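>>> no sequence for this one, just the structure:
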């Protein structure tokens, strides 16, 4: 009887519970959950597919481009036998970064292989660290699809093109900040706080401009403290630890200020600010500034209006908190902060020095996408995917297109050898790659004439002339002033790319010398994007200093 009663009671309880979960609702929830799982699986699959596709392209891009001026400086520093040698060269002003990156490159170079790949491996790995960190960070808030689109859009910025395959420390610095972003979420734990401080300190030891990346975290933490009335000392301790490298490496930073601040190649003007944002977004400077300002104003509106939460469009994820929006504003505002500080401290302003703002672009895009309905989200995602595919297609087209491989030095060098006279290359961004890729016999024929005063007069800054003078310690590095050179060499060949910094042809004419044109527009070396050559024609001259008007 008792068992029967219990059975009846159990049956009754079951029959009472069933109406709370109607079959129609169960099916709808099940269908919705299945759809979300399908979208997450698709996003995960797309991201996994994205990695090898971009990895292959990155290696092809690296292999197809010779090291240019700045990357050669990286090689020269990393080639030093020990830390003392690196410090000596850096203290002479050869390049403007702390020694940490060059130590890493020194170790990686021990792997051997093509310098085009080996010296860029660190940056390639750092890029994939950045996209993975951002994918994880955004996915927790919006789900996988928006996270994938956000990192896909990152592929269209300066962070990928060119610094994902550039032997410079910028990409590694951004990777440290991206890791700090994940650690900031867990900073309430000891492990999270320690890793947060380590990431900031490592970033500062890679690049002096990394300190600006503390601003977004500081802004978000101040906002959190004000709204929650709670101070987290471990975050502020992390900032202090992150600043320690500046104490150790201050002498190197001071040398850079002394050598290059007077006539910097990228003085912090308003136009430099605009072009930096254009470089960052790989778009027209004015258009980029308009988009940048519009998005920044909209995010600030979201904070003060309280409309910061994502609209529920069937997306998974926790949504963006108010602190996340403030953090995004901080990253997006980095160019403004950098411009103000550079203006005050007489620093420099260019796209690579604000490259950490790429994280703000990705975060802002994910926040905006999360507020769109499904149709609009699909349209934006399709547009991003089309641009991505177009860029990949154009690269493949250029890669497989037959190209001449004529060395621009072949003719002038042979002529220089036959005539037993030097070959002067007047553009520093052409001279150093030419010297770097030449054998010892050819190196002895190559000369660069440095005159910082004349270069400033011709181009508005003297950075190349001042910087290349720091390389005089290298064997077979023939860098002279004009009086020194003219004392020993009365006849020479002069190769000019024709851009504004190649002032020597004009300088010689103004002083009554008669350079004779031998060849116009010979094949030119790939001196990188900073050679400023544009469409100007390269000219080879013969100069006899004893022949004057």
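Received, thanks. Keep in mind the model is a prediction, meaning the values are calculated, not measured.

>>> Find me whatever residue is spatially closest to residue 285, sequence neighbours aside.
residue 278 (3.3 Å; CB to CB, 6 or more residues apart in numbering). C-beta: built from backbone N, CA, C; applies to glycine.

>>> actually residue 335, not the one I typed
According to CB to CB, 6+ apart, the nearest residue to residue 335 is residue 354 (4.4 Å).

>>> Repeat that for residue 91.
In space, residue 91 is closest to residue 255, 5.9 Å off (CB to CB, 6+ apart).

>>> what's the neighbour count on that neighbour?
A count of nearby residues for residue 255, using other CB atoms under 10 Å, gives 17.

>>> Repeat that for the one 4 residues further on.
Number of residues near residue 259 (other CB under 10 Å) recorded here: 17.

>>> Confirm it sits in a helix?
Yes. If the criterion is DSSP: H, G, I helix; E, B strand; the rest coil, then residue 259 is within a helix.

>>> Surely it touches residue 94?
No. Using CB atoms under 8 Å, residue 259 makes no contact with residue 94, being 10.1 Å away.

>>> overlap in contacts of the two?
467, 470 (CB atoms under 8 Å, 6 or more residues apart in numbering).

>>> still on that earlier bit, residue 51 versus the residue nearest to residue 285, what's the distance?
Residue 278 sits 28 Å away from residue 51, going by CB to CB, to the nearest Å.

>>> same deal with residue 426?
44 Å.

>>> With neighbour numbers in mind, choose between the two.
Using other CB under 10 Å as the criterion, residue 426 and residue 51 rank with residue 426 on top: 24 against 13.

>>> quick one: low-confidence ranges for the chain?
Under the criterion pLDDT under 70, the flagged ranges of the chain are 1-37, 261-264, 308-317, 399-408, 458-459, 500, 522-536.

>>> the strands in it, which residues?
Under the criterion DSSP state E, the chain contains strands at 423-425, 446-449, 479-480, 491-496, 516-520, 539-544.

>>> right, so of these, which gets closest to residue 270?
strand 491-496 (31.9 Å; CB to CB).

>>> Mind giving me the packing neighbours of that closest one?
helix 410-419, strand 423-425, helix 504-510, strand 539-544 (3 or more CB pairs under 8 Å, 6 or more residues apart in numbering; DSSP states H and E).

>>> Which of the ones you listed has the highest mean neighbour count?
Stretch with highest mean neighbour count among the helices and strands packed on strand 491-496: strand 423-425 (a mean of 25; mean count of other CB atoms under 10 Å).

>>> and residue 388, what does it touch?
So residue 388 contacts 152, 155-156 (CB under 8 Å, 6+ apart).

>>> Just name the closest of these to residue 57, please.
So of the contacts of residue 388, ranked by how close each gets to residue 57 (CB to CB), first place is residue 155, at 9.5 Å.

>>> how close does that closest one sit to residue 259?
With CB to CB as the criterion, residue 155 and residue 259 are 36 Å apart.

>>> same thing with residue 442?
29 Å.

>>> Same check on residue 321?
Distance from residue 321 to residue 259, by CB to CB: 45 Å.

>>> what do you get for residue 430?
22 Å.

>>> For the stretch 1-150 of the chain, which segments count as helices?
2-17, 23-64, 69-78, 83-91, 100-109, 115-118, 121-142, 144-154 (DSSP state H, counting those that start in this stretch).

>>> distance of the spatially closest residue to residue 519 that is not a sequence neighbour from residue 415?
Setting aside the residues directly before and after it, residue 519 is nearest to residue 540 in space (CB to CB, 6+ apart), at 4.3 Å. For residue 540, the distance to residue 415 equals 8 Å [CB to CB].

>>> Touching both of these two, which residues are there?
With CB under 8 Å, 6+ apart as the test, residue 540 and residue 415 both reach 493, 518.

>>> re the thing from before, could you identify which of the helices of the stretch 1-150 of the chain is most buried?
Buried most deeply of the helices of the stretch 1-150 of the chain, by mean count of other CB under 10 Å, is helix 144-154, with a mean of 24.

>>> Can you spell out which helices and strands pack onto that helix?
helix 23-64, helix 121-142, helix 357-370, helix 374-400.

>>> List the contacts of it.
Contacts for helix 144-154 (CB under 8 Å, 6+ apart): 39-40, 42-44, 46-47, 50, 130-131, 134-136, 138-139, 160, 315-316, 358, 361-363, 365-366, 369-370, 377, 380-381, 384-385, 388.

>>> Surely residue 104 is in contact with residue 173?
No. Using CB under 8 Å, residue 104 is not in contact with residue 173, being 11.8 Å away.

>>> about what we covered before: dump the strands of the chain into JSON lines; add distance to residue 503 as well.
Listed next are those as JSON lines, based on distance: least, CB to CB, whole Å:
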{"stretch": "strand 423-425", "distance to residue 503": "12"}
{"stretch": "strand 446-449", "distance to residue 503": "10"}
{"stretch": "strand 479-480", "distance to residue 503": "16"}
{"stretch": "strand 491-496", "distance to residue 503": "9"}
{"stretch": "strand 516-520", "distance to residue 503": "17"}
{"stretch": "strand 539-544", "distance to residue 503": "13"}
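
>>> For the nearest residue to residue 223 once chain neighbours are set aside, the count of nearby residues, please.
Leaving aside its chain neighbours, residue 223 sits nearest to residue 326 (4.6 Å; criterion: CB to CB, 6+ apart). The criterion is other CB under 10 Å. On that basis, residue 326 has 22 neighbouring residues.

>>> Next, find the distance separating residue 326 from residue 225.
Taking CB to CB, one finds residue 326 at 12 Å from residue 225.

>>> Check residue 293 too.
28 Å.

>>> try residue 487
Residue 487 sits 67 Å away from residue 225, going by CB to CB.

>>> again with residue 370
26 Å.

>>> Counting neighbours, go ahead and name the busier of the two.
residue 370 (23 against 14).

>>> That one reaches residue 325, doesn't it?
No. Using CB under 8 Å, residue 370 is not in contact with residue 325; the gap is 11.1 Å.

>>> what number of residues lie near residue 193?
Residue 193 has 21 nearby residues by other CB under 10 Å.

>>> Over to the one 5 residues further on?
Burial measure for residue 198: 17 neighbouring residues, criterion other CB under 10 Å.

>>> ok, the closest residue to it other than its chain neighbours to residue 235 distance?
Nearest residue to residue 198, sequence neighbours excluded (CB to CB, 6+ apart): residue 241, at 7.7 Å. Noted for residue 241: a distance of 11 Å to residue 235, by CB to CB.
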